[in-house]
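J.: A predicted structure for the sequence below; I have some questions about it.
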Amino acid sequence: QGYEGPLTGRDTKTILGLTVEIVYRQPGQKGFQVLPRRWVIERTLAWISRRRRCARDYERLPQHHATMVHWAAIIHMTRRLAHLPQHQPQDPKQPL
């Protein structure tokens, strides 16, 4: 909700091919309320920040940090795949 920068409009769609949707609070809302699909972002950021080099700003260049985030995601996904049973297909709706 806090981001309303230049990549929220038509530029994102034309330049990156992405659609950015900002979810706002309901008018008059007080207190905490779960926002749709926010848990996906929060969970993914928690997985990435579990890696030491992604938890702090160690890298000099943004490209180096992006590489470390990619490596963290690869490590996480390969470890998840290694724990899957080989004889049963994984239901994407069920947690691991």
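T.: Noted; the coordinates are in hand.

J.: wait, what's in contact with the residue lying closest to H76 once chain neighbours are set aside?
T.: Using Cβ to Cβ, 6 or more residues apart in numbering and skipping the chain neighbours, the partner closest in space to H76 is W47 (5.2 Å). The way it works is simple: take the backbone N, C-alpha and C, and place the C-beta from them, glycine included. Applying Cβ atoms under 8 Å, 6 or more residues apart in numbering to W47 gives the contacts 72-73, 76.

J.: Considering those, which is situated nearest to T14?
T.: The closest of these to T14 turns out to be A73 (Cβ to Cβ; 26.5 Å).

J.: So what does Y58 look like in phi/psi?
T.: phi -90, psi -30 (degrees, to the nearest 10).

J.: For it, give me the pLDDT.
T.: Looking at Y58, its pLDDT stands at 79.

J.: That one: neighbour count?
T.: 11 (other Cβ atoms under 10 Å).

J.: With only the CA atoms kept, save the helix or strand R53 falls within in PDB.
T.: If you go by DSSP states H and E, R53 is part of helix 52-55. The C-alpha trace of helix 52-55 is given here as PDB (Å, rounded to 0.1, in the frame of the first residue of the first chain):
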ATOM      1  CA  ARG A  52      22.900 -14.600   5.500                       C
ATOM      2  CA  ARG A  53      24.000 -12.600   2.400                       C
ATOM      3  CA  CYS A  54      20.400 -11.600   1.700                       C
ATOM      4  CA  ALA A  55      19.600 -10.500   5.200                       C
END
